[in-house]
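Peer 1: just a sequence and a predicted model for now, questions to come.
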Amino acid sequence: MARWGMAADLDRCNGCGGCVVACHAENNISTVGPEQASRGRAKHWIRVERYWEGDFPDVKLKFRPTMCQQCGNAPCEPVCPTYASHHTEDGLNAQVYNRCIGTRYCANACPYNARFFDFFNPSWEKPLQLQLNPDVSLREVGVMEKCTFCVQRIRGTQTTAKTEGREIRDGEIQPACVQACSTRALVFGDLEDRESEVSRLSRSPRGSKLLEDVGTRPAVTYLARLTEEA
Amino acid sequence: MDRRSFIKLTAVSGTSAALASCGNPENQFIRFLPDEDIVPGVAVWKPSICPLCAAGCGLTVRVMDADAEVTRDGQAGIKRIAAAKKLEGAPAHPVNRGGLCARGHAAIQVTYHPDRITQPLKRSGDRGTGQYEAISWEDALAEVVSRLNGVDAANPRAVAFLSRVGAGHRSALIQQFAGHFGGSPISFELFGDDVLRRANAVSFGRDQLPTVDLANARFVLSFGADFLGTWNSPVAQSAAYGDMRRGRPGIRGSFAQVEARMSQTGASADEWVPARPGTEGVLALGLAHVIMAASLQPAAAAGRAGSMVAGWGAGLSDYTPQRVEELTGVPAARVDRLARQFAELRPAVAIAGGAALAHSNGLFTAMAVNALNALVGSVDQPGGLSFTPQFNTGSALKFSPAAQPATPLQMLAADALSGAAVPQVAFVDGVNPVFTTPRAWRVREALEKVPYIVSFGSFLDETSALADIILPDHSFLESWVEAVPESGVAAAVASVAAPVMRPLYATRATPDVLLEIGRGLQRPLGAAWQTFDEMLGASFATLPSTTPDVDAWTDAQTKGLWSGVLPAGLARQAQAVADGATYAFEAPRFDGDAKQFPFHFLPYPSVPFGDGSTAHLPWLQEMPDPLTSAMWSSWVEINPTTAANMGISDGDVLEVASGHGSVRAGAVISPGIAPDVIAMPMGQGHTMFTRYATGRGANPAEILAPVTEAATGALAWAATRVRVTRIGPPDGSLVLFAGGIREHLEQEHR
């Protein structure tokens, strides 16, 4: 059984935001408009965080693309009273929208602010609905949503590989953000496969996990932006 | 809604046609019989080309069945169609190699925008009010032809054609069309690269933007070029940047960015060097001085590019590190160190662009950076800069070259206002100069003098709302598209793609419309093709096929592009400009007294919106800006110390005033900006540009001074000085993603 993971090389990432819009396009994330956005209700399953260091003129800015870390020990899962938020065999923190009753306990528990609540039914002003991806279900009001590692692409590729009677090739599954990334900062694959690129990058001496001291065991590894060779 | 406005609305949206068809059974749509062969639920992938900037990234478009409201043969109704679902970077395209930027992903919303113009429109109200009524294509084209037949054939400025810069087939056709009336297309881009093209023509004999081999560079020094965000070919450059950092075992390229306001690109640099605005060229020559003085390279190594710089042969004695420190504010020791890094970390490459060249002395700055590159041997070498061989579409199509150089937009405006030369007919294609030019040029007032304006726009914006007739173009997904990239690739590339889907509405492809108008004229255009795809076929047929036994045109359509070695007659010729001058530093000219207007004003191309042409796309409006996380907003960036001295807090409403006007927006206190610089992103502040962009934020172009670079006439958009006044506390117009409750909670936890 695979365990899906991602590596984000911060030495390649330049903060362009291509992943952010690619994610909206792939996952039918509705825009909320300026009024709701100003109330903190904008939904970005992946975002580019920025960390300023130093004062003028010796200023540095570091970008960090941040999405659900698909924790091995996910705080969002045990708090869900309806098992909407649950762990899959291949390591994803999955969300069953039909089970979700909107307690938002999971969002409270998530240390990464990776979960987004649907305060309204989504709507698309015609004919923008034509851009919707038929592979991804729409989330209705009162439901929690978040990054799925593009589970529809994972399952699609698994089905194709099974039909063709072969294993999935390393790099064959690309979540929308990984596919979009111009600098190849994001790499996705099977962490159980020692030979996979993501597995190799995850063992890099530059690698670290986000807030790893809280014990969440994330599936995302960040490779530090270093000015000298590590 | 009253009866009158209901009728207007239905006339514009085309639903009246649908109502009319109800009584005509033979016109009813057969809803579930698709237009084309498509299996429900099964995706097919088709090539296309991103139209949103000049880079020409290749797309792969996912197409699936969908029920859409469409117009067919004048009838509107719901139809099952093969619809584009998602845009992805084409993995095999040599420009973007599978990557795609935020704008490219959102381009699909151009096609599915709720405010698209769906049929030809004729103005029914005052100019600028956006009141139009429906007109048939036949009547519309007859009207345009009759207007063109009436223009004075002896006056080369009777017809003005405003369009985008480009080297593709569409541009060639527009060139030919404008040339038929004795003129040349007038292109204006706020953040254009005319100065750099001119400098490259003088230094290297290439009137072209450079292709930078970042992937093989050890040291990159960028003077103001936002090459990872908005400048030149950002996706190609980002891909190469990733490899520069981590693509070579044991080698990590270093990178320094010279600019007074940290751009998205500057944020990725190892070293950010805030030089005083307009002195970037001094820094470049300072580095050259150190390199020559330390005998790291001889002066002669720079060849022609060096000889164009005054004092080069004598080792640039005016540009000692101490003198450079006085002028630029960059410490002498740092100048010395950067010079040694540039000479020793080979290959090293310098890039100039953006604000560094947007000064009255911009050409000098570009010439200085060119000479620095030549000094260390970084021209036409791996890890350096080179010039992509470019397909000359004009010669492939046997078009006659332009009769005369284009009239600069500001001259067109001034002459129209003074009455010296008022165009009789103006065409507008893909540009919005009323929005992107300084108010001081009075482009809007000038266009109002033009008796007849034709727009090919898909949306009502500040410029198309002045048009007397609108002939809406297909969206790029509905038409034949092509691109001839100027840079971003090593070998020559010409991309082409057939329509991905059938047009949703009663629109027509602008190149086809131009050909049709050309046929209808009393003195016909004389083009050999009925349609644009015939023209593309003729052009691609002149290229050598790269696949055995397949002709070049068929091959290009299959692959989405042609790439290879251009035959001699089909490559754009290098054009050396020898003006006999040598270039020396002249203090940049700024508009506004330094006491009255203490700050440099730096408008900059926004990552999602560029110059504002994509502000109508909701995904881009809601995309957090990379440096501020702002969405749906305008803002003013100000240094923390300056803000503290002026009593300004985050989000406070500020007024930024130049000698030419003022704008207001919320303050973003940013460490990455010099204390005497104020920056604002371009893009918002539209008075008319669809439901998503209209009336949102402020347009910094409005307050720009009409300072230009002398040799090119390019707008020196970084040459305006401003004063800043705190108007009041936050008014809620500045929306941040990483704001409010989230940050507050984080602080409580600490």
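Peer 2: Perfect, I can see it now. Bear in mind the structure is a predicted one, so any value in this text is a computation, not a measurement.
Peer 1: show me where the stretch 251-400 of chain B has its helices.
Peer 2: When secondary structure is read from DSSP state H, counting those that start in this stretch, the stretch 251-400 of chain B shows helices at B:264-268, B:280-293, B:303-307, B:321-328, B:332-344, B:362-375, B:393-396.
Peer 1: and for chain A?
Peer 2: A:18-27, A:33-38, A:105-109, A:151-163, A:176-180, A:197-202 (DSSP state H).
Peer 1: secondary structure element for the nearest residue to B:Arg304 once chain neighbours are set aside?
Peer 2: Spatial nearest neighbour of B:Arg304, excluding adjacent residues (CB to CB, 6 or more residues apart in numbering or on different chains): B:Ser203 at 6.7 Å. Yep, even glycine has a C-beta here, placed from its N, CA and C like the rest. Taking DSSP states H and E as the definition, one finds B:Ser203 inside helix B:194-204.
Peer 1: what is that helix packed up against?
Peer 2: helix B:303-307, helix B:362-375 (3 or more CB pairs under 8 Å, 6 or more residues apart in numbering or on different chains; DSSP states H and E).
Peer 1: what stretches of the chain score poorly on pLDDT?
Peer 2: Here I'm looking at chain A. A:227-230 (pLDDT under 70).
Peer 1: please go with chain B instead
Peer 2: Using pLDDT under 70, the flagged stretches of chain B are B:1-35, B:403, B:739-750.
Peer 1: hmm, back to that, need the helices and strands packed on helix B:194-204 in CSV with mean neighbour count, can you?
Peer 2: As requested, these are exported to CSV (neighbours: other CB atoms under 10 Å in any protein chain shown):
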stretch, mean neighbour count
helix B:303-307, 19
helix B:362-375, 30
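Peer 1: how many residues are close by the residue of the stretch 301-450 of chain B found nearest chain A?
Peer 2: Going by CB to the nearest CB, chain A is nearest to B:Gly329 of the stretch 301-450 of chain B, at 8.5 Å. For B:Gly329, the tally of surrounding residues (other CB atoms under 10 Å in any protein chain shown) stands at 17.
Peer 1: for chain A, see how far away the nearest residue to it once chain neighbours are set aside is.
Peer 2: Distance criterion CB to CB, 6+ apart; nearest residue to B:Gly329, sequence neighbours excluded, is B:Arg276 at 5.0 Å. The gap separating B:Arg276 from chain A is 11 Å, by CB to the nearest CB, to the nearest Å.
Peer 1: and for B:Arg276, the neighbour number?
Peer 2: 18.
Peer 1: in this structure it contacts B:Thr328, no?
Peer 2: Yes - contact criterion CB atoms under 8 Å: B:Arg276 and B:Thr328 qualify, at 5.5 Å.
Peer 1: mind listing what B:Met680 touches?
Peer 2: By CB atoms under 8 Å, 6 or more residues apart in numbering or on different chains, B:Met680 lies in contact with B:601-604, B:634-637, B:656, B:663, B:665, B:698, B:700.
Peer 1: my bad, B:Thr507
Peer 2: For B:Thr507, the contact set (CB under 8 Å, 6+ apart) comprises B:117-119, B:458, B:472-475, B:478.
Peer 1: between those, which sits nearest B:Gly518?
Peer 2: B:Asp473 (16.4 Å; CB to CB).
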